[in-house]
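> Quick one, structure for this:
(2 chains)
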There are 2 protein chains.
Amino acid sequence: MSSTSIPDLHGALAALVGEAHVYIDAADKARYETGARYGNGRAALVVRPGSTAEVAAIVRHCVQSGVPLIAQGANTGLVAASTPDESGSQVVLSLERLRGEIAVDRANRTATVGAGVTLQELNDKLAEHGLCFPIDLGANPSLGGMIATNTGGSRLIRYGDVRHNLLGVEVVLADPPGQVVDLMSGLRKNNTGYDLKQLFVGVGGAGGVITRAVVQVHPLPRQTATALIVPTGQEAILDLLIALEGEFGDFLTAYEGMSRATVQSVIDHVPGVTNPFAPDPIPDYCLLVELAATSSREVLGVDLQSALNDFLERQFDVLVANAVLDGGPDLWKIRHSISESIRHQGKLIAFDIAVPRSSMVAFRHTALQLLERDFPWLRLFDFGHWADGGTHFNIVWPHDASIAYDPEQVERLRVAIYDLVVREFGGSFSAEHGVGPYNERFYHRYASPETQALAGRVQQAVDPRGALGQVWYGPPPTR
Amino acid sequence: MSSTSIPDLHGALAALVGEAHVYIDAADKARYETGARYGNGRAALVVRPGSTAEVAAIVRHCVQSGVPLIAQGANTGLVAASTPDESGSQVVLSLERLRGEIAVDRANRTATVGAGVTLQELNDKLAEHGLCFPIDLGANPSLGGMIATNTGGSRLIRYGDVRHNLLGVEVVLADPPGQVVDLMSGLRKNNTGYDLKQLFVGVGGAGGVITRAVVQVHPLPRQTATALIVPTGQEAILDLLIALEGEFGDFLTAYEGMSRATVQSVIDHVPGVTNPFAPDPIPDYCLLVELAATSSREVLGVDLQSALNDFLERQFDVLVANAVLDGGPDLWKIRHSISESIRHQGKLIAFDIAVPRSSMVAFRHTALQLLERDFPWLRLFDFGHWADGGTHFNIVWPHDASIAYDPEQVERLRVAIYDLVVREFGGSFSAEHGVGPYNERFYHRYASPETQALAGRVQQAVDPRGALGQVWYGPPPTR
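Have a look, this model is predicted:
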């Protein structure tokens, strides 16, 4: 517990980073206090260091004085991990000024970035070199936040998640307070003991603050092909995925499923989007397929879209009932407008879940039955990354529902769906978004006692005071 | 320390796994006592459990009695991590009977395997489904050993190493002794706290025994293309790699460099291999390029070899001075015969190192100067995975050298080369083989004090007694 007064703390932090980079006024602090989906608290102060040395000095000072710190990147996370609580005693450590030069090593196919650099800035810089960092998301997070969350996205099946593309990090430890550990390797092959950077990936800031990173980057695709496919039935979805991976495994970047309600919602609420299947009605379920090739059609001698169209023609009446070919960016517009359109339907109860690909059909079937039986007034607008097993199982409490919105029913729904995902289908209650304060109760419900015991020992070893990060991954204290 | 007599221990272990699976006779133990390259000791006993429960019982018994255990897979490791020391007091825990059924999940594109299953067995099984586990090595290790070593191999640039393809593990902990932790996820997206399996990847058995795993597998390529290329100079090697990745980035599986001495050695000592460039002489340096495509030429409408040949023709006199096209398996025979041929040259001093790709030309140049200046009687037969930065920098003390073989000079050479790799070029002293007892002294030389301190805290948290694994990754005890 801190016994430092806010004015004293303000003075101490201003001495470390300069007065201009400590925010104390409510108006200045506001945008650091509210999360993108959950989290809405009050910060004692916001401090914005401009270098690793300043981060280290802040961590040292605050940990030694018992001042709680909340690390924050671009504040786009969805589990309340980057915003302060209601106490007004926490300091937000904003990493947005950790930028410096984005150093692109063309021959090594890597980029060295400050934690505050955003995904878009990195990709703009990489595009000058014909390269990209292909983590495809609906937000523009900072690289530090992406590492802390291990973001995945729509094209994971081709490129992997952040963990798969992370070669090195620099981290400021909570213990010893402010200790900088340089793990900034630019190596793809390096087996020299514990891969310590893994301790800071996907744990929402526990134990350390990431200040810099080396990431592997990829050649920009030179041609893409898309199609919106109607499978001959739910069972055909997986067979079609297997067939696509068998014949186009080098190119498959996305295989995104959307239900009729989801597509209808976009058409109803997003200007300019019409039924792509017209004059046919919107099908029960459809799949957006994307292939991408580094090789141009000149080098390869083939037009990827034609090859995909030929494949779909061969599958017609076998696995494919209908298809819109070569829709280009317009097809992605439907997919990218889903979240926006759903807001018009009512209050969103979002589930960011995953099951093994082989269980996706069975899971969806069982979950639909559960909803119909136990929550008939709710509506489902789901879409799934079938190629990686992730599903955004978006349930909406309609504005015009017969039953008034009730948080207790929502909690009952959450537990029912997560129990199904985790206990019946071996899945995950948080595929992409992480744990964070919002999901902490589900972590303790679903992680096995052995897992929690081991995780707690590791977290305790890295950060004995529990000074950094908002989630305790060990077993909950017994009463 | 154990106070159990060998006969008592024999009885206790036989009660756990059956008399037939405890070896005490010298002849039975022999093949478990000597490593593939280093390590040649004596085991008190060899015990061969047939299930996870038996592994757990053995670990519990031995840890509680203070009996030191050495986990061993197929014993193909190259750093003495799977063989006992000279004391005769250690028990080899062979995992070769942990087999069971190889369960292939076609739709999930995963396989569930026992730790004792070998790479070849897995690939034979996967081939029935048109799939493969594409870690390409010169040995046939067990899956458990591959995880403990985080093996990489020749095709890492396309498929990643074991860490990148590992979805889940089951592990038996040293603490609590014999505790089984089930992390057998078949999920590609799962961000629910610490990714605990990482604690057991690439650490040579520290803290736990891997008993089962879920790995991601890949579609078998349907066409490949190869060429043996002479670059216009050392500087052209990286430009050619950049050009190949830019135009064939989806397909590039190998880009292996070989020096003239290395190719000459193969021709001189391996029956049936002739100069592929004849009537031209062997060039100073050449590169074996391999492309592989999941798509057949029917689906893609293109023959990958023709596309590669066209590319090389366009690069002729720019980056490419000469090329042997479409040599198929014969070109790989040169590459795969290198290690065998070198044995004829003298005593091998092997370096398994890596530097960033962008530093490979400069590193090689500087290392050649160092050898010429300080070790002129030695000969170099190097070959490098240029696409991933790894180099097998094989130095030979020739049989007919003017100076007699001298271990002190070898140690001086090791330190000189590793200092160059790690301190001058930001590289790794063990790219693929791990640390193990053989490299432990170099770990403590090159890992930073901050890295060793953090690693030691983690290892201590996982295994407070230091009961499993032969390397201590923390700081060496001070005197």
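> So which residues on the stretch 201-350 of chain A come close to chain B?
For the stretch 201-350 of chain A, the residues in contact with chain B (C-beta under 8 Å from any C-beta of the partner chain) are A:201-203, A:218-219, A:238, A:241-242, A:245-251, A:293-296, A:299-302, A:306-307, A:310-311. The way it works is simple: take the backbone N, C-alpha and C, and place the C-beta from them, glycine included.
> Around chain B, pick out the residues from the stretch 1-150 of chain A.
A:105-110, A:130, A:149-150.
> Please narrow these to those residing in strands.
Applying DSSP state E to the residues of the stretch 1-150 of chain A next to chain B, the entries found in strands are A:105, A:110.
> which of the residues of the stretch 1-150 of chain A next to chain B has the most neighbours?
Using other C-beta atoms under 10 Å in any protein chain shown as the neighbour criterion, A:Thr149 leads the residues of the stretch 1-150 of chain A next to chain B with 30 neighbours.
> Would you check that that residue makes contact with A:Gly202?
Yes: the pair formed by A:Thr149 and A:Gly202 meets the contact definition of C-beta atoms under 8 Å, at 6.5 Å.
> And for A:Asn190, nearest residue in space, chain neighbours not counted?
B:Ser428 (4.0 Å; C-beta to C-beta, 6 or more residues apart in numbering or on different chains).
> so what's that neighbour scoring on pLDDT?
Listed pLDDT for B:Ser428 reads 98.
> ok, it - contacts?
B:Ser428 is in contact with A:185, A:187, A:189-192, B:353-355, B:421-422, counting by C-beta atoms under 8 Å, 6 or more residues apart in numbering or on different chains.
> Pull the contacting residues for A:Ile353.
Counted by C-beta under 8 Å, 6+ apart, A:Ile353 has contacts A:390-391, A:393, A:417-418, A:421, A:427-431.
> Residues in a beta bridge with it, which ones?
Going by DSSP bridges, A:Ile353 is paired in beta bridges with A:Thr391.
> Next, work out how far apart it and A:Ile338 are.
16 Å (C-beta to C-beta, to the nearest Å).
> by contact count, what packs against the helix or strand hosting A:Leu331?
Taking DSSP states H and E as the definition, one finds A:Leu331 inside helix A:329-336. Packing partners of helix A:329-336 (3 or more C-beta pairs under 8 Å, 6 or more residues apart in numbering or on different chains; DSSP states H and E): strand A:223-231, strand A:252-259, strand A:285-293.
> closest one to B:Glu170 among these?
In terms of C-beta to C-beta, the element of the helices and strands packed on helix A:329-336 nearest to B:Glu170 is strand A:252-259, at 29.6 Å.
> Please, which helix or strand holds A:Ala278?
Counting by DSSP H and E, A:Ala278 is found in no helix or strand.
> count of residues packed around it?
10.
> do the same with A:Asn165
Neighbours of A:Asn165 using other C-beta under 10 Å come to 21.
> For the closest residue to it other than its chain neighbours, which residues are in contact?
Residue nearest to A:Asn165 in three dimensions, not counting chain neighbours: A:Gln216, with 4.6 Å by C-beta to C-beta, 6+ apart. Counting by C-beta under 8 Å, 6+ apart, A:Gln216 touches A:109-110, A:165-167, A:188.
> pLDDT wise, what is A:Gln216 at?
Reported pLDDT for A:Gln216: 98.
> what do you get for A:Val299?
84.
> Can you give me the domain boundaries for chain A?
Taking automatic domain parsing as the criterion, chain A consists of the domains A:6-94, A:103-219, A:223-338, A:345-424.
> Out of the ones you listed, which one sits most buried?
domain A:103-219 (a mean of 23; mean count of other C-beta atoms under 10 Å in any protein chain shown).
> can you tell me the distance between the two ends of that one?
Domain A:103-219 has an end-to-end distance of 16 Å (C-alpha to C-alpha, to the nearest Å).
> For the residue nearest to A:Asn165, name its beta-bridge partners.
As assigned using DSSP bridges, the partners bridged with A:Gln216 are A:Thr110.
> Show me the two of the residues of the stretch 1-150 of chain A next to chain B that sit farthest apart.
A:Ala107 and A:Thr149 (29.8 Å).
> Can I get stretch A:194-208 in CSV, CA atoms only?
Presented in CSV, the C-alpha positions along stretch A:194-208 are these (Å, rounded to 0.1, in the frame of the first residue of the first chain):
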residue,chain,number,x,y,z
TYR,A,194,14.5,-20.8,-21.1
ASP,A,195,12.8,-18.7,-23.7
LEU,A,196,12.2,-16.0,-21.2
LYS,A,197,10.2,-13.6,-23.4
GLN,A,198,7.3,-16.2,-23.3
LEU,A,199,6.8,-15.1,-19.7
PHE,A,200,5.6,-11.8,-20.9
VAL,A,201,3.5,-12.8,-23.9
GLY,A,202,-0.3,-13.0,-23.4
VAL,A,203,-0.3,-12.4,-19.7
GLY,A,204,-1.7,-8.8,-19.8
GLY,A,205,1.4,-7.1,-18.3
ALA,A,206,2.0,-9.4,-15.4
GLY,A,207,5.5,-9.1,-13.9
GLY,A,208,7.0,-6.7,-16.4
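> How about A:Asp303: what's its closest non-neighbour residue?
According to C-beta to C-beta, 6+ apart, the nearest residue to A:Asp303 is A:Arg297 (4.9 Å).
> ok, that neighbour - contacts?
A:222-223, A:303-304.
> and it, backbone torsions?
phi -70, psi -20 (degrees, to the nearest 10).
> Pull up the gap between it and A:Phe311, please.
16 Å.
> A:Asp136 too?
23 Å.
> How about A:Val396?
Counting by C-beta to C-beta, the gap from A:Val396 to A:Phe311 is 35 Å.
> And A:Arg222, by the same measure?
A:Arg222 is 20 Å from A:Phe311, by C-beta to C-beta.
> same deal with A:Gln305?
11 Å.
> between the contacts of A:Ile353, which is nearest B:Asn75?
Nearest member of the contacts of A:Ile353 to B:Asn75, counting by C-beta to C-beta, is A:Ser428, at 35.9 Å.
> Please name the bridge partners of that closest one.
Assigned bridge partners for A:Ser428, using DSSP bridges, are A:Ala354.
> all helices for the stretch 251-400 of chain A, in order.
A:260-269, A:297-300, A:304-314, A:329-336, A:338-342, A:360-374 (DSSP state H, counting those that start in this stretch).
> Minimum distance to A:Asn322: which of the ones you listed has it?
helix A:304-314 (9.7 Å).
> Just want the angle from the closest one to strand A:223-231.
Helix A:304-314 and strand A:223-231 meet at an angle of 20 degrees, taking axes from the mean of the first three to the mean of the last three C-alpha atoms, to 10 degrees as the criterion.
> Show me which residues of the stretch 351-479 of chain A are close to chain B?
Residues of the stretch 351-479 of chain A lying near chain B (C-beta under 8 Å from any C-beta): A:354-359, A:385, A:388-390, A:426-435, A:439, A:443, A:446-448, A:450-451, A:454-455, A:457-462, A:471, A:473.
> which of those residues count as buried?
Buried members of these, counted by 16 or more other C-beta atoms under 10 Å in any protein chain shown: A:354-359, A:385, A:388-390, A:426-435, A:439, A:443, A:446-447, A:450-451, A:454-455, A:457-462, A:471, A:473.
> In strands, which of the residues of the stretch 351-479 of chain A next to chain B fall?
Among these, the residues falling in strands (DSSP E) are A:354, A:385, A:390.
> Looking at per-residue confidence, what score does the last one get?
Right, the one you point to is A:Gly390. Confidence score, pLDDT, at A:Gly390: 96.
> Repeat that for the second one.
Predicted confidence (pLDDT) at A:His385: the value is 94.
> cool, the first one as well?
If you check A:Ala354, the pLDDT there is 98.
> List the residues that contact it.
So A:Ala354 contacts A:388-391, A:421, A:427-428, A:431, B:187-190 (C-beta under 8 Å, 6+ apart).
> shaky segments in chain A?
For chain A, applying pLDDT under 70 flags the ranges A:1-3, A:327-329, A:479.
> change it to 80
For chain A, the stretches with pLDDT under 80 are A:1-3, A:326-329, A:478-479.
> Now for A:Leu173: which residues touch it?
A:Leu173 sits in contact with A:59, A:179-181, A:207-208, A:462-463, B:454, where contact means C-beta under 8 Å, 6+ apart.
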